[in-house]
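Engineer: quick check, what structure comes out for this input:
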Amino acid sequence: MAYVTRLHRPLTALVLSFSLVTCSTDDALSPPGRIDGGARVGSIGPVHVDAVPAEEVAAYPAATQPSTFQTNPQHAAPQQTRRALPMLDSDEAVATGAQPASVGSSAIPQEGVNMDAMLGVEQPVVGLAEEQSNDIAEGNASQPVVGGIGDENVRQLGGANSAAPAEANLGYDPDLPPLSPDKMAAEQAQRARAMEQQRLQRTQEPQQVAFLPRANNPMSTPEYTGAMPGSEIACRQRLKKLGVTFRDIPRISNGPSCGIDYPIELSGLSGGIGVKPAVKLNCEVTEAFAKWVKYELAPSSRYRYWSGIKTIKPLGGYSCRTMNSRRGNPMSEHARGNAIDVGKFVLKNGKEIDVRKKGFFAFREKALLKAVRSDSCKYFNTVLGPGSDPFHKDHFHFDLRTRKTGYRHCD
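Structural biologist: Numbers count the residues shown, from 1 in each chain. You can find the predicted model right below:
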């Protein structure tokens with residue numbers, strides 16, 4: 001097997017070399033004897049125009065191109081004169097017979113091509129557009145046609161000069177026989193009397209106009225009428241149940257941005273707790289303040305000092321001013337009586353607790369003030385105090401400001 005593998009490559013090369021030598025000999029590439037070896041391709045001459053019939057020349061004209069074949073002088077055909085082909089649809093083409101006379105010219109006559117005559121239609125066919133145009137010209141259009149659009153003289157075509165349609169006869173019925181002249185006159189007189197009665201009735205009746213009251217601004221609060229609404233009455237009833245001491249005072253109005261429609265003056269809270277000086281607030285914030293003092297502040301002070309609250313000293317209630325009394329700021333909640341500021345708490349044992357920031361060793365006071373900050377957020381929407389900003393370093397600020405997101409700010 002080893003000898004066979006070694007001899008395989010040399011034998012393959014030998015066979016390929018023998019095949020190439022055989023194909024390159026003259027005997028293998030020479031044409032057979034039946035082929036005429038004397039004739040050469042260059043002896044074939046081009047076809048001349050005169051040898052082609054006139055009908056074929058007219059039907060298939062071609063441009064004259066020079067021949068690229070080399071002619072043999074021994075077999076060359078005699079040279080013939082070449083002439084240009086006539087143009088189609090010309091008199092020369094018809095005269096010489098290159099184009100039959102029956103083919104005719106393709107020129108369009110001046111009056112156009114009559115397709116009806118070519119198709120054998122005796123009566124001319126009227127198109128839809130031509131028919132509608134004739135109807136409009138004759139005034140027989142089924143729909144009104146208006147002319148002069150874009151100008152000042154707008155008119156109806158086809159019916160402008162015609163008389164106005166006669167008034168409909170109410171007594172006419174196509175299913176009944178026509179009325180006699182006497183009955184026709186009686187019905188017309190009755191109709192005239194009915195029309196006159198309707199005209200008199202319209203003139204005598206007073207004109208009625210629907211009127212709906214509308215506020216200047218639908219989103220604004222209703223105008224002050226003086227009568228206390230039910231919500232304010234219910235709020236005052238809840239204050240009495242909480243043991244709040246207050247009195248109603250006249251309306252406060254200092255322009256569109258400041259005022260209280262139904263103010264009260266707060267002077268005391270549940271458990272005999274005094275509010276000195278008295279403050280002017282609205283009823284909603286008064287109720288929230290009373291609940292916070294009763295349920296959170298008083299129990300927290302008793303737990304830490306074994307003494308209840310005697311007096312609360314507020315620093316402000318209603319005040320027509322901006323936030324932090326700074327020019328350009330929005331109006332404060334104090335401008336609506338919706339906020340209260342507290343500066344001191346006085347216990348029943350005589351101890352005063354200032355809300356200012358305490359020292360390191362004031363553990364009970366700091367614990368009470370921390371409880372004030374955290375517990376009051378259950379009743380108010382905004383709670384600010386010492387540490388919130390420099391404007392509230394000496395008092396607590398409580399208000400019921402309403403925010404669209406429902407967010408409560410307790411700092």
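
Engineer: quick one, what contacts the closest residue to S319 other than its chain neighbours?
Structural biologist: Closest residue to S319 apart from its sequence neighbours, by C-beta to C-beta, 6 or more residues apart in numbering: H334 at 4.2 Å. Glycine gets a C-beta too; all of them are placed from N, C-alpha and C. Going by C-beta atoms under 8 Å, 6 or more residues apart in numbering, H334 touches 316-321, 341, 399.

Engineer: so which helix or strand takes in V275?
Structural biologist: V275 belongs to strand 273-281 when elements are defined using DSSP states H and E.

Engineer: so which bits of the helix or strand that that strand is followed by are buried?
Structural biologist: Tracing the chain C-terminally past strand 273-281 and defining elements by DSSP H and E, one meets helix 283-292 next. Buried residues in helix 283-292, counted by 16 or more other C-beta atoms under 10 Å: 283, 285-292.

Engineer: tell me which stretches of the stretch 201-350 of the chain form helices.
Structural biologist: For the stretch 201-350 of the chain, the helices defined by DSSP state H, counting those that start in this stretch cover 230-241, 283-292, 298-305.

Engineer: between the shortest one and helix 283-292, how many degrees?
Structural biologist: The reference is to helix 298-305. 30 degrees (axes from the mean of the first three to the mean of the last three C-alpha atoms, to 10 degrees).

Engineer: for helix 298-305, name the packing helices and strands.
Structural biologist: strand 339-347, helix 363-376 (3 or more C-beta pairs under 8 Å, 6 or more residues apart in numbering; DSSP states H and E).

Engineer: ok, and for the first one, which residues are buried?
Structural biologist: Going back to what we said before, that points to strand 339-347. 339-342, 344-347.

Engineer: list the pairing partners of it within its sheet, with orientation.
Structural biologist: strand 309-316 (antiparallel), strand 352-354 (antiparallel), strand 396-399 (antiparallel) (DSSP bridges).

Engineer: tell me the mean pLDDT over the longest one?
Structural biologist: Per-residue pLDDT over strand 309-316 has a mean of 94.

Engineer: now do that strand against strand 273-281, angle only.
Structural biologist: 20 degrees.

Engineer: can you dump the C-alpha coordinates of strand 309-316 into CSV?
Structural biologist: Extracted C-alpha coordinates of strand 309-316, given in CSV (Å, rounded to 0.1, in the frame of the first residue of the first chain):
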residue,chain,number,x,y,z
ILE,A,309,-51.5,75.0,81.3
LYS,A,310,-52.9,78.3,82.7
THR,A,311,-52.3,80.8,80.0
ILE,A,312,-51.3,80.8,76.3
LYS,A,313,-49.7,84.1,75.1
PRO,A,314,-50.1,84.4,71.3
LEU,A,315,-48.0,86.8,69.3
GLY,A,316,-50.5,87.3,66.4
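
Engineer: leaving out sequence neighbours, find the closest residue to R373.
Structural biologist: In space, R373 is closest to G385, 5.8 Å off (C-beta to C-beta, 6+ apart).

Engineer: for G259, same thing?
Structural biologist: S253 is the one closest to G259 (C-beta to C-beta, 6+ apart), at 4.1 Å.

Engineer: do the same with G274
Structural biologist: G274 sits nearest to T311 (C-beta to C-beta, 6+ apart), 4.6 Å away.

Engineer: what's across from the one you found in the sheet?
Structural biologist: G274, V346.

Engineer: just for the stretch 1-150 of the chain, where's the confidence low?
Structural biologist: For the stretch 1-150 of the chain, applying pLDDT under 70 flags the ranges 1-6, 21-86, 88-90, 93-107, 124-125, 135-143, 150.

Engineer: re the thing from before, for A117, see how far away the residue nearest to R373 is.
Structural biologist: As defined by C-beta to C-beta, to the nearest Å, G385 lies at a distance of 109 Å from A117.

Engineer: ok, residues contacting stretch 387-405?
Structural biologist: Against stretch 387-405 from outside (C-beta under 8 Å, 6+ apart): 284-285, 288-289, 292, 315, 324, 333-334, 338-343, 354-357, 372-373, 376, 379-386, 411.

Engineer: just to revisit the earlier point, number of nearby residues for the residue nearest to G274?
Structural biologist: 16 (other C-beta atoms under 10 Å).

Engineer: for it, give me its contacts.
Structural biologist: T311 neighbours (C-beta under 8 Å, 6+ apart): 273-276, 345-346.

Engineer: could these go into JSON lines alongside distance to D91?
Structural biologist: Converted to JSON lines, those look like this (distance: C-beta to C-beta, whole Å):
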{"residue": "I273", "distance to D91": "132"}
{"residue": "G274", "distance to D91": "134"}
{"residue": "V275", "distance to D91": "128"}
{"residue": "K276", "distance to D91": "132"}
{"residue": "F345", "distance to D91": "130"}
{"residue": "V346", "distance to D91": "135"}
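
Engineer: nearest to S17, of those residues?
Structural biologist: Lowest distance from S17 to these (C-beta to C-beta) belongs to F345, with 124.7 Å.

Engineer: about what we covered before: ok, of the contacts of H334, which one's closest to P181?
Structural biologist: C320 (89.4 Å).

Engineer: touching, that closest one and A335? I think so.
Structural biologist: Yes: using C-beta atoms under 8 Å, C320 makes contact with A335 at a distance of 5.2 Å.

Engineer: higher neighbour count, these two?
Structural biologist: Neighbours were counted for C320 and for A335 using other C-beta under 10 Å; A335 has more, 21 against 16.

Engineer: what pLDDT does the residue nearest to S319 get?
Structural biologist: The per-residue pLDDT of H334 was computed as 94.

Engineer: where's it relative to A298, distance?
Structural biologist: Counting by C-beta to C-beta - H334 and A298 are separated by 25 Å.

Engineer: same thing with F398?
Structural biologist: Taking C-beta to C-beta, one finds F398 at 16 Å from A298.

Engineer: over to L242?
Structural biologist: Distance from L242 to A298, by C-beta to C-beta: 12 Å.

Engineer: before we move on, back to that, tell me which of F398 and A298 has more neighbours.
Structural biologist: Taking neighbours as other C-beta under 10 Å, F398 and A298 compare with F398 leading, 26 against 17.

Engineer: surely the residue nearest to R373 touches D354?
Structural biologist: No: with contacts counted by C-beta under 8 Å, G385 stays clear of D354, the gap being 11.9 Å.

Engineer: the more surrounded of the two?
Structural biologist: G385 (24 against 15).
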